[in-house]
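Participant: predicted model and sequence below, questions to follow.
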Amino acid sequence: MQDSLKSSSYQQLEQKSKYTNMFLRWFLYFILILFASYFIFPLYVMIVTSLKTMEEIRQGTLLSWPSGLNLESWAVAWGGRGYGAGDTFLRPYFWNSIKMVVPAVFFSTFIGAMTGYVLTKWRFKGDQWVFLFLLFGCFIPFQAILLPMARTLGVLGISNSVIGLVLVHTVYGIPFTTLFFRNYYISVPTELVKAARIDGAGFFKIFFKILLPISAPIIVVTVIWQFTQIWNDFLFGSTFSFGEAAPIQVALNNMVLSSTSVKEYNVDMASAIIAGIPTLIVYVLAGKYFIRGLTSGAVKG
Amino acid sequence: MKTLKIEELSKNFGSTEVLKKINLEIDEGNFLVLLGPSGCGKSTLLNIIAGLETINEGDVFIDDYNVSKVEPKDRNIAMVFQSYALYPSMNVKENMIFGLKQAKTSKEKIQEQLEKVSKFLQVDQLLERKPSQLSGGQRQRVAIGRALVREPRIFLFDEPLSNLDAKLRVEMRREIKKLHQQLKTTVVYVTHDQTEAMSLGTNIAIMNHGVIQQNDTPEKIYNKPSNTFVADFIGSPSMNLIKGILKVNSGDLLFTVSGSNLEIPIKDYDFKDKSNLNNKEVFFGIRPEHIFFKKFNESDFEINLRADLSEYIGHEQIMTFDYANQEVLAKFPSTIKIDLGKETKLYFDLTQASLFDAQTEERI
C-alpha cells in the first residue's frame, strides 16, 4: 500500500519536472530567436533595400520583399554611373583601403610578435616598465594624438597618403599586438629557448624556427583584430587623408552624406554592405581559429 | 685534468644570494647528482654550467679551459630539461638533428649519428612523429636522444624524471643508469628526489641555501653525513637526532640525556677531534633502519623504550618510541607485533651511529 503510494507520487514529480523542463526549453528558444532577429533585422533591411529600385522604395514598406534581383544599385555603388564630375563611387577607395590594411596588419602583427618574444624570452632590466607603457598605449584616446600625429606626418612628408595611414595604424596597433603575443608567449616554456640556445640557435633563429611555427592561433587572433580595427577606422582616415587617398570608410561617408539631389537609399545600402564585406570574409575564413586562439595558451611540447 | 671544475662561484639575483662560493670538481666519466630542497640553487648552478646564466664571481672550467664567458653552444655540453623542451613544430628527427644542423655538420655525419642514436634509444620507429603524438616516456627518450647526437663532453640533466608518473619514473631511472654505464660520459644531474640521487650518482653534492653541504659518494652521504642537514635530508624516515650530553665516566664515553637514566656507551667511534668531549652538547644520530627488534650483531646495544605509535605501510611498519620525551623512529617488518604503550626491548647498531655538535650542527 505504502509502496504504491510512493511510486505514484514519484511519477507525479517526474511528470511535473518534465513539463517544467519543456517550458524552460521553449522559453530559452524564444529568447534566443528574439535576440537573433534583433541583430539580423538591420542586415535584412539593408540587403532588401539594396535590391529594390527607388520606385519600389517609395511605394513599399521597409520590410517588403523586392520585386526581383535588381543589382543596378550595387553596380552604381561600386563603379559609378559613368558621368563626369561629382560622381563618387567605391572602387578606387576600396583598393586604397586594401593597400593600407595589408601592410599595416602585416607590420603591426610582426612587430608585436617580436616585442612579445623579447618581453617574455629575453627579459632585461626594466622590461616590465616597457610593457606597462606599451599597455598604456592601448588606453590612449585616439582623438588626443590627432594633432601631434598630423604634424609628424607633415614633417615626414607623408601626410594625405596611404603610406602615412599605414604608419599611423602600425604604430597604434603595436600596443595591442604586443599584448596578444606577450600573453601567448608567456605560456610557452622558456626551456624551449634554453634548449635552442644550447643547440646553437641565435635570437632570430629561435624566433623564426621555434616560436613563430607554434604561433598560428595567436597570429590569427591578431590579424583579425587588426584587420577589423584598421578596415573600420574612420577617425584616422578622415583626419589624415582626403580626396583620392581616402580609405573606403571615408569615401562611404562622403558618398552617403554629400549627395545633392534625391537620397538613393538602395545605392547607400549597397555601398555600406560592400564596405563591410572584407571583415566578414576574414571572420568566416578564420573565425574558428579566432575562438581557439583566444582560449588556447599552453603549448604542449 | 678535471672534466668539470667550478671555483669560488657566486651568483646573486638582485640582493638575494643564490649561490655562495661554490667549489666543485668532477672526474671524467663520473655521475654527479646535485641534490637539495627546492630553492637551494641547484638548478641555477646547472644553468651556469650550461652557460644559460651569467656568473657574478668565480669561474667554470671544462677540461681545464675557462668557459665562464663562452656561449652555451660552444661549451661541448648537452642538456635534458624537465619539460623535455622538444620543439613542438618539428618532428622527432628534426628535433634530434637541429643542433647538428646549427653546427653545420655534414649531411653524412648527421645521418650516421641520427641512425646510431635513434636505434640505441629505440626511437627509430618514431622519427616522423611530432612531439605531441608521443607518450611521456617517448618524449623523454627523444630529449635524451637530442642530447646524445651531439656527443657532448658533459651531459646536464635538469630534473628529467619529475614529469613522469611513479612507475615510468623508476623505469626511466634504470634506463639513464644503463645509459651512463654504456656511454661512460660525464653527467651532472639535478634532482630533489633522494632515491634518484642515491641510485644514479657516483657522487652526490647536497645543497642547501646556495652552499654545498656535503659532496661525497652515496655510501658516505648515507652512513657518515657531515652535518644534521644532510642527516635529516637523506633517508626516509630521516635519521633520529636525539639531543643529549657526552659524559666521560672512568675512561668510558657515554651519551646521556638530562632527566633520564638512559646511557649509551660510545666505543670505537671515529671522532674528528677527540678533545673536549666531556659535557659536550650533542645530537646522537641513528637511522630507523639501524634499530632492530632482536640482536643481530654481537655489538648491538640493548635498550628498553616505550612504543607510542605504529604506522603500517604494507611491506614494513614505522614505530615511534619514546626516548626520554624525544621521539625515536624505527623501521620493522610489518609481520612483527609490538604492543603500544609498553616497554619494548630494542637493539641499536652503534657502528652506524653519528654524533653532531649541537651548536654547530657539524659531525664530530
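Facilitator: Cool, got the structure.

Participant: pull the contacting residues for residue B:305.
Facilitator: Shown in contact with residue B:305 (C-beta atoms under 8 Å, 6 or more residues apart in numbering or on different chains): B:321, B:322, B:323, B:328, B:343, B:344, B:346. All C-beta spots, glycine's among them, are computed from the backbone N, C-alpha and C.

Participant: what do you get if the cut-off is 10 Å, keeping everything else the same?
Facilitator: By C-beta atoms under 10 Å, 6 or more residues apart in numbering or on different chains, residue B:305 lies in contact with B:262, B:291, B:319-324, B:328, B:330, B:343-346, B:348.

Participant: quick check: longest helix of chain A.
Facilitator: In chain A, with assignment by DSSP state H, the single longest helix is helix A:2-51.

Participant: tell me the phi and psi of the residue nearest to residue B:211 when sequence neighbours are not counted?
Facilitator: Spatial nearest neighbour of residue B:211, chain neighbours left out: residue B:20 (5.4 Å); criterion: C-beta to C-beta, 6 or more residues apart in numbering or on different chains. Reported as degrees, to the nearest 10, the phi and psi values for residue B:20 are phi -120, psi 110.

Participant: hmm, residue B:40 and residue B:20 touching each other?
Facilitator: No. Contact between residue B:20 and residue B:40 fails when scored by C-beta atoms under 10 Å: they sit 11.2 Å apart.

Participant: more neighbours: which of those two?
Facilitator: A direct count of neighbours by other C-beta atoms under 10 Å in any protein chain shown for residue B:20 and residue B:40 places residue B:40 higher, at 23 against 16.

Participant: show me what contacts the more buried one?
Facilitator: B:18-19, B:34, B:192, B:206-213, B:233.

Participant: and it, how close does it get to residue B:34?
Facilitator: 9 Å (C-beta to C-beta, to the nearest Å).

Participant: re earlier: spit out the residues that contact residue B:20 and residue B:40 alike.
Facilitator: Residues touching both residue B:20 and residue B:40 (C-beta under 10 Å, 6+ apart) are B:209, B:210, B:211, B:212.

Participant: quick one on the thing from earlier: which residues do residue B:40 and residue B:34 both contact?
Facilitator: With C-beta under 10 Å, 6+ apart, residue B:40 and residue B:34 have common neighbours B:192, B:206, B:207, B:212.

Participant: most neighbours, which of the residues you listed?
Facilitator: residue B:206 leads these on contacts (other C-beta under 10 Å) with 27 neighbours.

Participant: burial of the residue in the stretch 1-150 of chain A that chain B sits nearest to, as a residue count?
Facilitator: Nearest residue of the stretch 1-150 of chain A to chain B: residue A:125, at 10.2 Å (C-beta to the nearest C-beta). Residue A:125: 6 surrounding residues under other C-beta under 10 Å.

Participant: again with residue A:173
Facilitator: Neighbour tally, residue A:173, other C-beta under 10 Å: 23.

Participant: that one contacts residue A:107, doesn't it?
Facilitator: Yes. Applying C-beta under 10 Å, one finds residue A:173 in contact with residue A:107, separated by 8.2 Å.

Participant: which residues are in contact with each of the two?
Facilitator: In contact with both residue A:173 and residue A:107: residue A:226, using C-beta under 10 Å, 6+ apart.

Participant: what residues are up against residue B:84?
Facilitator: Residue B:84 neighbours (C-beta under 10 Å, 6+ apart): A:189, A:191-192, A:195, A:300-301, B:95, B:131, B:134, B:136, B:138-144, B:146, B:160, B:163.

Participant: pLDDT score for it?
Facilitator: Here, the pLDDT recorded for residue B:84 equals 89.

Participant: on the three-state scheme, it is what?
Facilitator: What DSSP: H, G, I helix; E, B strand; the rest coil gives for residue B:84 is coil.

Participant: same thing with residue B:53?
Facilitator: At residue B:53, secondary structure determined by three-state DSSP is coil.

Participant: apart from its chain neighbours, what residue comes closest to it?
Facilitator: residue B:47 is the one closest to residue B:53 (C-beta to C-beta, 6+ apart), at 4.3 Å.

Participant: does the residue of the stretch 1-150 of chain A closest to chain B belong to a helix, a strand or coil?
Facilitator: Reduced to three states by three-state DSSP, residue A:125 is coil.

Participant: since we're on residue 246, how many residues are nearby?
Facilitator: This is for chain A. Neighbourhood size, residue A:246 [other C-beta under 10 Å]: 24.

Participant: not quite, I wanted chain B
Facilitator: Neighbour count for residue B:246, taken as other C-beta under 10 Å: 19.

Participant: got the end-to-end distance for stretch A:62-81?
Facilitator: 25 Å (C-alpha to C-alpha, to the nearest Å).

Participant: out of the contacts of residue B:40, flag the one nearest to residue A:177.
Facilitator: Proximity of those to residue A:177 was ranked by C-beta to C-beta; the top entry is residue B:18 with 35.3 Å.

Participant: for residue B:359, what are its contacts?
Facilitator: Contacts of residue B:359 (C-beta under 10 Å, 6+ apart): B:280, B:281, B:282.

Participant: also near chain A: which of those, exactly?
Facilitator: The subset of these lying close to chain A, counting by C-beta under 10 Å from any C-beta of the partner chain, is empty.

Participant: now that we have those residues, which one has the most neighbours?
Facilitator: Most neighbours among the contacts of residue B:359, by other C-beta under 10 Å: residue B:282, with 21 neighbours.

Participant: that one belongs to a strand, doesn't it?
Facilitator: Yes. Secondary structure of residue B:282 (three-state DSSP): part of a strand.

Participant: that one reaches residue B:255, doesn't it?
Facilitator: Yes. Between residue B:282 and residue B:255 there is a contact at 7.2 Å, judged by C-beta under 10 Å.

Participant: need the overlap of contacts for these two.
Facilitator: Here residue B:282 and residue B:255 have B:242, B:244, B:245, B:246, B:266, B:355 as joint contacts, going by C-beta under 10 Å, 6+ apart.

Participant: list just the nearest of those to residue A:199.
Facilitator: Among the shared contacts of residue B:282 and residue B:255, and counting by C-beta to C-beta, the member closest to residue A:199 is residue B:355, at 50.0 Å.

Participant: tell me what the closest one is bridged to.
Facilitator: residue B:284 (DSSP bridges).

Participant: next one: residue B:333
Facilitator: Beta-bridge pairing for residue B:333 (DSSP bridges): residue B:316.

Participant: need the contact list for it.
Facilitator: Residues near residue B:333 by C-beta under 10 Å, 6+ apart: B:293, B:315, B:316, B:317.

Participant: that one and residue B:234, how far apart?
Facilitator: Residue B:333 is 22 Å from residue B:234, by C-beta to C-beta.

Participant: what is the mean pLDDT for stretch B:272-280?
Facilitator: Stretch B:272-280 shows a mean pLDDT of 84.
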